[in-house]
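K.L.:
kindly return the folded structure for what I paste below:
(2 chains)
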Number of protein chains: 2
Amino acid sequence: MNELRRDYILDRWVIIAEERKKRPQDFIRVSKKEKPKMCYFCPGNEHLTPPEIDRIEENGRWIVRCFPNKFPAVILDGSEIKSENEILRRIPAYGKHEVIAETPEHNKNLSDLSVEHIVKIFLMYARRINEIKKDKKIKYVFVFKNHGEMGGASIAHSHTQIIGLPIIPKIIMDEINSADEYKSKTGRCIFCDVLNLESKSERRIYEDKYTIAFAPFASRFNLEVWIMPKRHLNFIDEMTNRELKSFANSLKIILGRLNKSLNDPPFNFYLHYPPDDYDLHLHLEIAPRLSRFAGLEFGSGVVINVIPPEVAAAHYRNETECNLI
Amino acid sequence: MNELRRDYILDRWVIIAEERKKRPQDFIRVSKKEKPKMCYFCPGNEHLTPPEIDRIEENGRWIVRCFPNKFPAVILDGSEIKSENEILRRIPAYGKHEVIAETPEHNKNLSDLSVEHIVKIFLMYARRINEIKKDKKIKYVFVFKNHGEMGGASIAHSHTQIIGLPIIPKIIMDEINSADEYKSKTGRCIFCDVLNLESKSERRIYEDKYTIAFAPFASRFNLEVWIMPKRHLNFIDEMTNRELKSFANSLKIILGRLNKSLNDPPFNFYLHYPPDDYDLHLHLEIAPRLSRFAGLEFGSGVVINVIPPEVAAAHYRNETECNLI
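P.N.:
As a prediction, the model looks like this:
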């Protein structure tokens, strides 16, 4: 039977509606990954990106490389835009928008990389975040990955985007506020409570001493996964080496299983951590892009998900296969 | 220069970033509308839908027809699901999910229909909403249209969906709360103020005595349009015949221009009106689906839109062409 589930943290409802998977389809979907004649992110083409900002090397060659986004959504522009009035509010799109090429190899996915390599990518995230947030006009540095055309990527070469924004994004602030409210009532972190609950549930996918991965109770995306360090911490650089290795390993396992079971499907992931002076249990959310948000989702905020997270978790645990695409 | 704009009503920010339109694309998009062997919504196949609920006839044949969704997200199920605790909250997906075939003609889009025909579709919306909300376990009846594969439609034949939900959707409630707050400060309706502002702005697209259509200041979608009755009213059946005809005519003009200028692109639209005992200025939001939400949008709530609404409005006014797809 279908049910409505509320997100652990946010006032966000999802209709879990497995039967709707059987709907007929008038449309045939064809999406081709073109082998591009030339890749902007490949070694040898470094001169085609804006000047490099940072890199991590191995044997004298870069294995992780950071440079400005050539088509930035925000820039370090000091000009002033004034809101005309209370209703038409605008501010300059001040900030930094960077790209991290995760590997020099064009045909490798993130999950094909070694755990040590993925650790280095996370260390690059931390380095860039710490650097970008030194600019006090930047209120939050958001880290996200778009993979595949349906995942919003315009370049196929595996990469992450880092964007320093002049506002704290609403979803981050809503999570902080909701967690604060829970804490003032119970004295506990809601994310710590969630991970304890989910480690005993059928939504658990993978767990080791330091990290847990699970399909969240009110998953908005087919096969959505959250990865969380078990210890209450806010940021990558608070992790011990072991914790970070475990976190990277969990991500590799989940993305590897997603990739293998569904033949390299599109996905997004994003890191949720607090701005300075706030508390938020660090976690990474993975959103495979196997279905579409449409009128109901965009217009009402209510989401229909035809894959119950319990089924999603079994799929990742390799117990059953989701027949999805 | 790029800028961040806040929605008139909601705490929702959009980065207007026209330069990003020039990004390269590694992916080739191919989407084909298959002429289906058989259409479930065409005349002659009425026996293939669940039993008809309502129809509007002309010359003894239906021209608008309502029936239950064969794959409903919510159903009239009286069973109980108990939340396990405060964190894992769930309720039964109780409700009604219906489909309105807007025309018997398979190859007609909504904008191809006469104004009188579109008026009848709106009257059917009102009839079904009024009927469905008699069930007091249903807290809100949401009306939305998905058009085209990228718009989330699974059936190509032009149709609208009506869904009666056991909750008031978050976006509706947020709009009501924000409008209430504005009213208690100013004594005025924020939507009335918005339409007065936009009727003098370069975002105005179309206006007659009763209705205005404009590209909203913080458009989240390329070529987004809001259509609003000028008189402060809550629901379709509060409109005079002239107001309703004007509203239908505005929708026909906007969708016709969208369709013609971009060769039948995918879009969603949804009606925002208040539940009983609340006040909300009725409006219809049109969201063309020409770009994708990705990691930034889903993970942070911040949206990048590469078409400034001023450019979108000029496109609809036929002054310039957006080179979009």
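K.L.:
for the longest helix anywhere in chain A, output the C-alpha coordinates as CSV.
P.N.:
Criterion DSSP state H: the longest helix present in chain A is helix A:241-262. Output of helix A:241-262 as CSV, limited to C-alpha atoms (Å, rounded to 0.1, in the frame of the first residue of the first chain):
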residue,chain,number,x,y,z
ASN,A,241,42.5,9.3,8.5
ARG,A,242,40.6,6.2,9.3
GLU,A,243,37.2,7.9,9.3
LEU,A,244,37.9,9.6,6.0
LYS,A,245,39.1,6.4,4.4
SER,A,246,36.0,4.6,5.6
PHE,A,247,33.8,7.5,4.2
ALA,A,248,35.6,7.3,0.8
ASN,A,249,35.3,3.6,0.8
SER,A,250,31.5,3.7,1.5
LEU,A,251,31.1,6.2,-1.4
LYS,A,252,33.1,3.9,-3.7
ILE,A,253,30.9,0.9,-2.7
ILE,A,254,27.6,2.7,-3.2
LEU,A,255,28.5,4.4,-6.5
GLY,A,256,30.2,1.3,-7.8
ARG,A,257,27.0,-0.8,-7.1
LEU,A,258,24.8,1.9,-8.7
ASN,A,259,27.1,2.1,-11.7
LYS,A,260,27.4,-1.6,-12.3
SER,A,261,23.7,-2.5,-11.6
LEU,A,262,22.2,0.1,-13.8
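K.L.:
what pLDDT, on average, does it get?
P.N.:
Per-region confidence: helix A:241-262 scores 96 on mean pLDDT.
K.L.:
show me what it is packed against.
P.N.:
Helix A:241-262 is packed against helix A:115-132, strand A:204-207, strand A:211-214, strand A:225-229, strand A:267-272, strand A:283-288, helix A:309-316, with contacts defined by 3 or more C-beta pairs under 8 Å, 6 or more residues apart in numbering or on different chains; DSSP states H and E. Any C-beta I mention is one placed from the backbone N, CA and C, and that applies to glycine too.
K.L.:
can you give me the angle the fourth one makes with helix A:309-316?
P.N.:
Strand A:225-229 and helix A:309-316 meet at an angle of 80 degrees, taking axes from the mean of the first three to the mean of the last three C-alpha atoms, to 10 degrees as the criterion.
K.L.:
and if you look at the first one?
P.N.:
What separates the directions of helix A:115-132 and helix A:309-316 is an angle of 130 degrees, with the same axes, to 10 degrees.
K.L.:
now helix A:115-132, how far from the chain's geometric center?
P.N.:
Chain-centre distance of helix A:115-132: 14 Å, with C-alpha atoms, centre = their mean, to the nearest Å.
K.L.:
quick one on the thing from earlier: reformat the helices and strands packed on helix A:241-262 as CSV; add mean pLDDT and mean neighbour count.
P.N.:
Shown next, in CSV, are the helices and strands packed on helix A:241-262 (pLDDT from 0 to 100; neighbours: other C-beta atoms under 10 Å in any protein chain shown):
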stretch, mean pLDDT, mean neighbour count
helix A:115-132, 98, 19
strand A:204-207, 96, 19
strand A:211-214, 97, 24
strand A:225-229, 98, 26
strand A:267-272, 98, 26
strand A:283-288, 98, 23
helix A:309-316, 95, 22
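K.L.:
out of those, flag the one nearest B:N234.
P.N.:
Closest approach to B:N234 among the helices and strands packed on helix A:241-262 is made by strand A:283-288 (35.6 Å; C-beta to C-beta).
K.L.:
for the closest one, what is the distance to the chain centroid?
P.N.:
In terms of C-alpha atoms, centre = their mean, the centre of strand A:283-288 is found 5 Å from the chain centre.
K.L.:
ok, stretch A:162-182 next?
P.N.:
Distance, centroid of stretch A:162-182 to centroid of chain: 15 Å (C-alpha atoms, centre = their mean).
K.L.:
quick check: mean pLDDT of that stretch?
P.N.:
95.
K.L.:
what comes up buried for the longest helix of chain A?
P.N.:
A:243-255, A:257-259, A:262 (16 or more other C-beta atoms under 10 Å in any protein chain shown).
K.L.:
now do stretch A:81-100
P.N.:
Using 16+ other C-beta under 10 Å as the test for burial, stretch A:81-100 gives A:81, A:87-100.
K.L.:
of these, which are in range of chain B?
P.N.:
Among the buried residues of stretch A:81-100, the ones lying near chain B by C-beta under 8 Å from any C-beta of the partner chain are A:81, A:87-93.
K.L.:
near chain B, which residues of the stretch 101-250 of chain A show up?
P.N.:
By C-beta under 8 Å from any C-beta, the residues of the stretch 101-250 of chain A that approach chain B are A:142, A:144-146, A:149-156, A:161, A:163, A:165-167, A:169-172, A:190, A:193-194, A:197, A:217, A:220-221.
K.L.:
restricted to buried residues, select those in PyMOL.
P.N.:
Applied in PyMOL, the following selects the buried portion of those according to 16+ other C-beta under 10 Å:
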select buried, chain A and resi 142+144+145+146+149+150+151+152+153+155+156+161+163+165+166+167+169+170+171+172+190+193+194+197+217+220+221
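K.L.:
which ones among the residues of the stretch 101-250 of chain A next to chain B map onto strands?
P.N.:
A:142, A:144-146, A:161, A:163, A:165 (DSSP state E).
K.L.:
what is the nearest of those residues to B:A294?
P.N.:
Out of those, the member with the shortest distance to B:A294 (by C-beta to C-beta) is A:N146, at 4.4 Å.
K.L.:
so A:A248 makes contact with A:I118?
P.N.:
Yes: judged on C-beta atoms under 8 Å, A:A248 makes contact with A:I118 at a distance of 3.8 Å.
K.L.:
measure the closest residue to chain B within the stretch 101-250 of chain A to B:E297 for me?
P.N.:
Going by C-beta to the nearest C-beta, chain B is nearest to A:G152 of the stretch 101-250 of chain A, at 2.5 Å. According to C-beta to C-beta, to the nearest Å, A:G152 stands 8 Å off from B:E297.
K.L.:
then A:L282?
P.N.:
Taking C-beta to C-beta, one finds A:L282 at 21 Å from B:E297.
K.L.:
what's the answer for A:K108, then?
P.N.:
For A:K108 relative to B:E297 (C-beta to C-beta), the value is 26 Å.
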